[in-house]
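Peer 1: Pasting the sequence and the predicted model now:
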Amino acid sequence: MGTYIITGATSGIGEATALQLIREGHTVLAIGRNEDKGSSLESNGEGRLYFFPVDLTDSSAIDAFFEETQEDFPEIDGIFNNAGTFGKPVAPERVSDQQKEVFQVNYHAPERIIQLATKRFSKGASIVNNSAIVGHVKFPAMLLPYASSKSALLTLTKTYAARFHGKYRFNAICPGPVDTALSHALYGGKDKFDLAMKHHLRGEPAQPSEIAEVVCFLLSNKASYINGQALIVDGGYTLT
């Protein structure tokens, strides 16, 4: 069984993936902001989930996490860089320095996590980055920093895959709409989200557990021949 790091693990896709991995018998180092939810997950994690409140906007906090876990978890079998933020929607010509936080969480935090984790990767370790659909095919004008940071994450994924020549695998998932609080906020509220989803090819969004199944597959040896790819998981959303 392996040891996996998951960011944004206290809600949505991150939580669903963490729960799926521990059901499979793995150990999860869960990073998140919601300490109450994190503590609850840890209490119900059957001794295989460990929660760490890490502020991904602070590089020193990421460094401290790796120092703190070095002794107890010297080997890492995979990472799901899932945490994300979209900031305040604004016209691209009015993007300000306040949008730097979006890049810090969506791109620089995964970048730093991977840099530090390479020293502890087991043979064949697998890394999955959540690029979201906007990082692949959609570029909403009012969400330029979000879309740009997710696009940069795709480049990071492919660069690292090429860098390690298959020693470790790096892939990205690009989920379409998923029924999460973040998605609701992106659409301006749950009511607007639900209304928009009526036009989805299948009439409804994904549940976080559906995306978690794909992430766990990519993290596993079953996906040993998949490397440097960006997998769109959208139920046909982009066809419309």
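Peer 2: On my side now, so go ahead.

Peer 1: For the rest of this, base every contact and every neighbour count on C-alpha atoms.
Peer 2: Fine.

Peer 1: Just give me the longest strand of this protein.
Peer 2: Looking across the chain with DSSP state E, the single longest strand is strand 121-130.

Peer 1: Pull up the gap between the spatially most central residue of the chain and residue 72, please.
Peer 2: Centroid-nearest residue in the chain: residue 82, 1.3 Å away (criterion: Cα atoms, centre = their mean). Shown here: residue 82 relative to residue 72, a distance of 23 Å by Cα to Cα, to the nearest Å.

Peer 1: Can you classify residue 78 by secondary structure?
Peer 2: Here residue 78 is strand, with the state taken from DSSP: H, G, I helix; E, B strand; the rest coil.

Peer 1: Residue numbering should commence at 820 henceforth.
Peer 2: Taking 820 as the first residue, the last one we looked at is residue 897.

Peer 1: Next one: it from residue 913, what distance?
Peer 2: From residue 897 to residue 913 the distance is 38 Å (Cα to Cα).

Peer 1: So which of the two has more stuff around it?
Peer 2: Shown here are residue 897 and residue 913; by other Cα atoms under 10 Å, residue 897 has more neighbours (28 against 8).

Peer 1: right, and that one touches residue 942 too?
Peer 2: No - under the criterion of Cα atoms under 8 Å, residue 897 makes no contact with residue 942, lying 10.2 Å away.

Peer 1: Show me the strands in the protein, by range?
Peer 2: 822-826, 846-851, 868-872, 895-900, 940-949, 988-994, 1049-1052.

Peer 1: Report the angle between the longest helix seen in the chain and strand 940-949.
Peer 2: Longest helix in the chain by number of residues (criterion: DSSP state H): helix 963-982. Put simply, helix 963-982 runs at 150 degrees to strand 940-949, going by axes from the mean of the first three to the mean of the last three Cα atoms, to 10 degrees.

Peer 1: could you check the angle strand 988-994 makes with helix 963-982?
Peer 2: Using the same axes, to 10 degrees, helix 963-982 lies at 150 degrees relative to strand 988-994.

Peer 1: neighbours around residue 857, how many?
Peer 2: Using other Cα under 10 Å, residue 857 has 23 neighbouring residues.

Peer 1: follow-up on the earlier one: JSON lines for the strands of the chain, including distance to residue 1000 and mean pLDDT?
Peer 2: Converted to JSON lines, those look like this (distance: least, Cα to Cα, whole Å; pLDDT from 0 to 100):
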{"stretch": "strand 822-826", "distance to residue 1000": "16", "mean pLDDT": "98"}
{"stretch": "strand 846-851", "distance to residue 1000": "15", "mean pLDDT": "98"}
{"stretch": "strand 868-872", "distance to residue 1000": "19", "mean pLDDT": "97"}
{"stretch": "strand 895-900", "distance to residue 1000": "18", "mean pLDDT": "98"}
{"stretch": "strand 940-949", "distance to residue 1000": "16", "mean pLDDT": "98"}
{"stretch": "strand 988-994", "distance to residue 1000": "15", "mean pLDDT": "97"}
{"stretch": "strand 1049-1052", "distance to residue 1000": "18", "mean pLDDT": "96"}
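
Peer 1: Neighbours of residue 1017, how many?
Peer 2: Applying other Cα under 10 Å, we find 12 other residues in the vicinity of residue 1017.

Peer 1: do the one 5 residues further on as well
Peer 2: A count of nearby residues for residue 1022, using other Cα under 10 Å, gives 13.

Peer 1: any idea how far the closest residue to it other than its chain neighbours lies from residue 1029?
Peer 2: Closest residue to residue 1022 apart from its sequence neighbours, by Cα to Cα, 6 or more residues apart in numbering: residue 1016 at 5.9 Å. To residue 1029, residue 1016 is 16 Å away according to Cα to Cα.
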